[in-house]
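[1] coords please:
(4 chains)
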Protein chains: 2
Amino acid sequence: MAVDRSAQKAGAVTIQDVARRAGVSTATVSRAIALPDRVTEATREAVFSAIRETGYTPNAAARSLRAKSTRMVLVLLPGIGNSFFTPVLNALEEVFSEAGYGVLIGYARNSPRRETHYARVIRAGQVDGVLVVTGNIPRDEAFVQIPGSVPISLMFSEVPGTDEFSVFDVDNRAAAAAMVRHLIGQGHRRIAHIAGADASLEARERSAGYCDALREAGLPVDPALLWRGATNYDFGSGERAAPRFFALADKPTAVFAAADEMAFGFMRALKNQGLDIPGDVSVAGFDDTEYAVHYDPALTTMRQPRTELGTLAARDLLRRMTGKDGDVAISHVRLKCDLVVRESVRRI
Amino acid sequence: MAVDRSAQKAGAVTIQDVARRAGVSTATVSRAIALPDRVTEATREAVFSAIRETGYTPNAAARSLRAKSTRMVLVLLPGIGNSFFTPVLNALEEVFSEAGYGVLIGYARNSPRRETHYARVIRAGQVDGVLVVTGNIPRDEAFVQIPGSVPISLMFSEVPGTDEFSVFDVDNRAAAAAMVRHLIGQGHRRIAHIAGADASLEARERSAGYCDALREAGLPVDPALLWRGATNYDFGSGERAAPRFFALADKPTAVFAAADEMAFGFMRALKNQGLDIPGDVSVAGFDDTEYAVHYDPALTTMRQPRTELGTLAARDLLRRMTGKDGDVAISHVRLKCDLVVRESVRRI
DNA sequence: CCAAAACTTGTAATCGATTACATCTACTGT
DNA sequence: ACAGTAGATGTAATCGATTACAAGTTTTGG
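    Below is the predicted model of the structure:
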């Protein structure tokens, strides 16, 4: 087997081949590549034409081993198949690949086995930095043993009581409150809330914001209107809220879902029963995913600056990974959400 | 700088540390891990407790260098922010991480610069296998120089005239024809087609299938009803087809879009003009993305078995990467699409 | 009871690059 | 013209693991 494998990649050109062909030592080849002005014009050309002729590409493993840097980052996602993360991944990949870094993705899926798996990836030195996107930072103790040198950043959710991570998120509580204030401003007095999964901090923050706005307006916080039980920010969780709506004698005039997809699921269930939105009920979401504007009715929602957060988070991680000593301070960037008014909420 | 970097990761435990602590040589530690029954019970325990106490994890770069295998695969995506790929990525990650392989993602974005970048990643031996998801295999010549040993597979689109790649796709032409046959079966005679981007083979196949079904039914293929000009399978391309619809004196009764998202964009534009779907026009899509069932009206579409294809493609690549000599044959798996009838098409 | 076989462990080469240090050459200024 | 210095290049150590081979130990069988 060992023989097979080495035979397999036998075709690979090494720095030795280039050195031989250019008539110089491997050290010179390495220098010609990394520090071009430290070699003569003549050798440089000899080296580069040897590189061209052989099609040489430096071996990543060898380079990593010596340089103690893999130029890779791990992006840990919750792994729910929802489209919220697509622009985030796009932004991350854009910045990282531009900087010559590879993006390794991992889906935590809330499974301890997988968390341990990715903890091992980090401990094996396979990545120079980690971005935990949403959700709980893995509680696996393995994560604690991560060499302090690998910078970790959190996106869309923070971990209270630590200052080891850079955090990139929005003020979920304030944003949720702003949305509910908007609904109140449109004349709604009885407003229900489809809460996100209890386990996630940002979902609890949004619920808190919902309560804040109600209290602030002197409206009662009716437990019958606070619908918990979501498992994820998905269609299903929205659909499951519909029975609670229909069971109510005194129905809300507006419903604020903690995520667009939950709003879609909820609306779908209502429309299946012949209700009109926003005619019969107003519905608002959170996130402003790509579908919000294309849905019928177009969804009133809170826009999270996903691309921008992705870009900033990537740049920050890059800085912390490559930064000279002093420049590794962690940051906490909290961007503002924008209310996007569309058709799913009507004035009453 | 060099000093800083090595100081940074100074915390890392090496096999030397474990060996010293267990009172054995590094060779024994390595064997205790890889071939546990080749060492004494006693040494095995000594080694494992040393590993536990030190929190040792073998360094990935060192292992890769020696073993000539990185246990990583590159998944190249077109990079359009649409949700089609989410379940695919999920399936891939599931299989690969289960097998101990990491998933590196790359967005080609149809840019030569990026293709060259990822070609270099492959040539640098950074991955053991490559999965090109949709779209054009990068035409960068760099891709040609890839050591023959790195297996490459294609998903959702093939490259005619090569037999170097395993291919996992659907019969787009047959599936499109089946959809159009369905529309004809529902009484439609004037059927338009929103074609996908000309550059992509599967889009052309779907267009061909559309023509097949019309001809087969003895219906004319009216160029005025074949709407080209899409850039991607996105909302925008669907929206841009709407003016063509409105410009027509003799309007189609049904429209077949080559992708769900284009169907959504098109429907949105029509509804904005006060048209009802399927009352005024029937619309059908292709893909059966998550939103198809939640849209209003729920979209009649062709289901592509994305998760299944992902799983199969991952397993095949795994086989080709680890396979003993003989077992590296390429495969071509072509799954069948299913017609999913919902509400966006009505019988006339 | 001793030679041969089987087993365990250690020594050292190896993977492919980077880089500290040594060496050699060429140029500068007095 | 020659000491001194700057610049170019080569030699060899190094990163951390794996593994062929050697050496040492135990078991087996006649």
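[2] what secondary structure does the spatially closest residue to residue A:62 that is not a sequence neighbour sit in?
    Closest residue to residue A:62 apart from its sequence neighbours, by C-beta to C-beta, 6 or more residues apart in numbering or on different chains: residue B:65 at 5.3 Å. The way it works is simple: take the backbone N, C-alpha and C, and place the C-beta from them, glycine included. Counting by DSSP: H, G, I helix; E, B strand; the rest coil, the backbone at residue B:65 sits in helix.
[3] Residue B:65 touches residue A:70, doesn't it?
    No. At 12.0 Å, residue B:65 does not count as touching residue A:70 under the criterion of C-beta atoms under 8 Å.
[4] on that earlier part again, and the residue nearest to residue A:62, what pLDDT?
    For residue B:65, the pLDDT comes out at 94.
[5] give the contact list for the nearest residue to residue A:180 once chain neighbours are set aside.
    Leaving aside its chain neighbours, residue A:180 sits nearest to residue A:213 (3.5 Å; criterion: C-beta to C-beta, 6+ apart). Applying C-beta atoms under 8 Å, 6 or more residues apart in numbering or on different chains, we find residue A:213 in contact with A:176-181, A:184.
[6] Now the host helix or strand of residue A:213: buried residues?
    Using DSSP states H and E, residue A:213 sits within helix A:201-216. By neighbour count on 16 or more other C-beta atoms under 10 Å in any protein chain shown, the buried set for helix A:201-216 is A:201-207, A:209-214.
[7] secondary structure class for the residue lying closest to residue A:204 once chain neighbours are set aside?
    Spatial nearest neighbour of residue A:204, chain neighbours left out: residue A:198 (6.9 Å); criterion: C-beta to C-beta, 6+ apart. Assigned state for residue A:198: coil (three-state reduction, three-state DSSP).
[8] tally of neighbours for residue A:198?
    For residue A:198, the neighbour count with other C-beta atoms under 10 Å in any protein chain shown is 13.
[9] Let me know the pLDDT of it.
    pLDDT, read off for residue A:198, is 90.
[10] what does residue A:81 give?
    The model's pLDDT for residue A:81 equals 63.
[11] repeat for the one 10 residues further on
    Reading off the per-residue confidence, residue A:91 sits at a pLDDT of 95.
[12] quick one: contacts for it?
    Residue A:91 neighbours (C-beta under 8 Å, 6+ apart): A:306-311, A:314.
[13] How much space separates residue A:87 from DNA strand C?
    34 Å (C-beta to the nearest atom of the strand, to the nearest Å).
[14] Which secondary structure element is home to that residue?
    Using DSSP H and E, residue A:87 falls in helix A:86-98.
[15] quick one, that helix and helix B:86-98 angle?
    60 degrees (axes from the mean of the first three to the mean of the last three C-alpha atoms, to 10 degrees).
[16] what lines up beside whichever helix or strand comes after helix A:86-98 in the sheet?
    Sequence-wise, the next helix or strand downstream of helix A:86-98 (DSSP H and E) is strand A:102-107. The strands beside strand A:102-107 in its sheet (DSSP bridges) come out as strand A:72-77 (parallel), strand B:102-107 (antiparallel).
[17] in chain A, which spans are strands?
    Under the criterion DSSP state E, chain A contains strands at A:72-77, A:102-107, A:129-133, A:152-155, A:166-170, A:191-194, A:226-227, A:254-257, A:282-284, A:301-303, A:332-335, A:338-340.
[18] Can you lay out the ones you listed as JSON lines showing distance to DNA strand C and mean neighbour count?
    Below are the strands of chain A laid out as JSON lines (distance: least, C-beta to the nearest atom of the strand, whole Å; neighbours: other C-beta atoms under 10 Å in any protein chain shown):
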{"stretch": "strand A:72-77", "distance to DNA strand C": "16", "mean neighbour count": "25"}
{"stretch": "strand A:102-107", "distance to DNA strand C": "16", "mean neighbour count": "24"}
{"stretch": "strand A:129-133", "distance to DNA strand C": "19", "mean neighbour count": "26"}
{"stretch": "strand A:152-155", "distance to DNA strand C": "25", "mean neighbour count": "25"}
{"stretch": "strand A:166-170", "distance to DNA strand C": "26", "mean neighbour count": "24"}
{"stretch": "strand A:191-194", "distance to DNA strand C": "53", "mean neighbour count": "27"}
{"stretch": "strand A:226-227", "distance to DNA strand C": "57", "mean neighbour count": "20"}
{"stretch": "strand A:254-257", "distance to DNA strand C": "51", "mean neighbour count": "30"}
{"stretch": "strand A:282-284", "distance to DNA strand C": "54", "mean neighbour count": "27"}
{"stretch": "strand A:301-303", "distance to DNA strand C": "43", "mean neighbour count": "25"}
{"stretch": "strand A:332-335", "distance to DNA strand C": "32", "mean neighbour count": "14"}
{"stretch": "strand A:338-340", "distance to DNA strand C": "45", "mean neighbour count": "15"}
